[in-house]
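In: Build me a model from this:
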Amino acid sequence: RHVAFGVLSLKEVYEGMTDAELKDRQEFAFEAAVRMRDRFMSQEVWERMGVDVKQIAPMVLADPTRGLFQSMLFSKIVPNCKKLGLLERNDQWLRRRFEDMGVIQFEDWADTGEEYAAFALDAETPTPVAGE
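Out: Down below sits the predicted model:
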């Protein structure tokens, strides 16, 4: 709900922004996406344990559960960025970054607003309790 509300609220605001203002939002979205992607590398943990991060990184990257997590993560991030118009503006700056990350294939997946609407339509409407 919160993400869907945020996307709806920001869409109109972003449409009225200058390219420079929107570039700041694109850069923020990209940096946030990179940090979310990399947080499961656990670099700080490996360093604290005395493990060479350069040696362990290929094993972490090859873990099949990491790919599943990345797919789940970016199947939400990329469509919402597209809905906000962040992929196309500024010579497709953010689109190119997501292409480099190998996650642009999610751009046409359902955004959070579409998912929320589908969920709400499928959900059973609760019956109000008398006296409330």
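In: end-to-end on stretch 77-93?
Out: 15 Å (CA to CA, to the nearest Å).
In: Okay, now the unreliable bits of the protein?
Out: 1, 120-132 (pLDDT under 70).
In: mind listing the helices for it?
Out: 2-15, 19-38, 43-48, 53-62, 64-83, 89-101, 112-122 (DSSP state H).
In: Pipe the ones you listed into CSV and attach mean neighbour count per row.
Out: Glycine gets a C-beta too; all of them are placed from N, C-alpha and C. Formatted as CSV, the helices of the chain follow (neighbours: other CB atoms under 10 Å):
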stretch, mean neighbour count
helix 2-15, 14
helix 19-38, 14
helix 43-48, 12
helix 53-62, 11
helix 64-83, 16
helix 89-101, 17
helix 112-122, 13
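In: Leaving out chain neighbours, which residue sits closest to the residue nearest the centre of the chain?
Out: Nearest residue to the geometric centre of the chain (CA atoms, centre = their mean): Ile77, 2.0 Å. With CB to CB, 6 or more residues apart in numbering as the criterion, Ile77 has its nearest non-adjacent residue at 5.4 Å, and that residue is Ala33.
In: how much space is there between that neighbour and Met101?
Out: Between Ala33 and Met101 the computed distance is 7 Å (CB to CB, to the nearest Å).
In: shared neighbours, these two?
Out: Phe74 (CB atoms under 8 Å, 6 or more residues apart in numbering).
In: Now for the closest residue to Ala57 other than its chain neighbours, how many residues are close by?
Out: Nearest non-adjacent residue to Ala57, counting by CB to CB, 6+ apart: Met41, 6.7 Å away. Look at Met41: counted by other CB atoms under 10 Å, it has 15 neighbours.
In: from memory the residue nearest to Ile77 sits against Asp100, does it?
Out: No: at 11.4 Å, Ala33 does not count as touching Asp100 under the criterion of CB atoms under 8 Å.
In: Next up, the contacts around Ser71.
Out: Phe106.
In: re the thing from before, I figured the residue nearest to Ala57 hits Pro58, correct?
Out: No: shown here, Met41 and Pro58 do not form a contact pair, counting by CB under 8 Å, at 11.0 Å.
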